[in-house]
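In: Quick one, fold the following:
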Amino acid sequence: MSDIKIEPFTAKVYFQLRALAENDVWQEILAGYMDTIAMQCDKTGKCLIGHIKGLTLGPDKSYLQVSVISPSHPADFNGSLAQGMSTLMLTLNVLVYGLSRDSLERIVQEVSTDSVQGLVASIKVVPVQVKSEHKDHPHAKQILPVIPE
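Out: A predicted model of the protein is given here:
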């Protein structure tokens with residue numbers, strides 16, 4: 001186990017619907033999206049899902065957290081979003097042991113492309129770059145987000 005790669009992938013994922021969302025449409029869309037990411041990671045046969053998590057903030061202090069820990073367990077949710085949203089920005093954090101950051105990004109991009117159907121008009125993935133601030137420090141492997149300008 002000591003030679004397993006741990007390279008998290010983080011992104012801002014922008015969803016656009018063809019119409020205003022009603023009821024629990026966002027929860028259904030995000031469940032399918034996150035579950036599919038987990039299934040595609042698992043299909044590689046050489047990984048262990050640590051977590052696949054997402055957070056989106058909506059109007060009026062509404063929010064939705066989504067988490068997937070296995071392709072055999074459906075996405076778990078906390079919170080709810082205000083009604084009538086046609087756009088959403090999801091902060092996505094994918095931690096899968098055994099897959100490189102590049103592999104995770106490819107999987108997320110492919111799932112995003114394949115998920116544009118039905119009510120979903122578009123999905124844009126914007127990776128968040130990470131870097132270490134202290135190369136000579138004992139905690140040099142700590143990753144810090146770098147938000148693109």
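In: Listing partners with orientation, what would you give for the strand or helix carrying residue 92?
Out: Assigned by DSSP states H and E, residue 92 falls within strand 87-97. Here strand 87-97 has these sheet partners by DSSP bridges: strand 9-17 (antiparallel), strand 48-57 (antiparallel).
In: Could you pull out the buried residues of that strand?
Out: Residues of strand 87-97 classed as buried by neighbour count (16 or more other CB atoms under 10 Å): 88, 90, 91, 92, 93, 94, 95, 96. All C-beta spots, glycine's among them, are computed from the backbone N, C-alpha and C.
In: Which stretches in the chain count as helices?
Out: 25-43, 101-114 (DSSP state H).
In: Kindly reformat the ones you listed as CSV containing distance to residue 68 and mean pLDDT.
Out: Output for the helices of the chain, formatted as CSV (distance: least, CB to CB, whole Å; pLDDT from 0 to 100):
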stretch, distance to residue 68, mean pLDDT
helix 25-43, 5, 96
helix 101-114, 12, 96
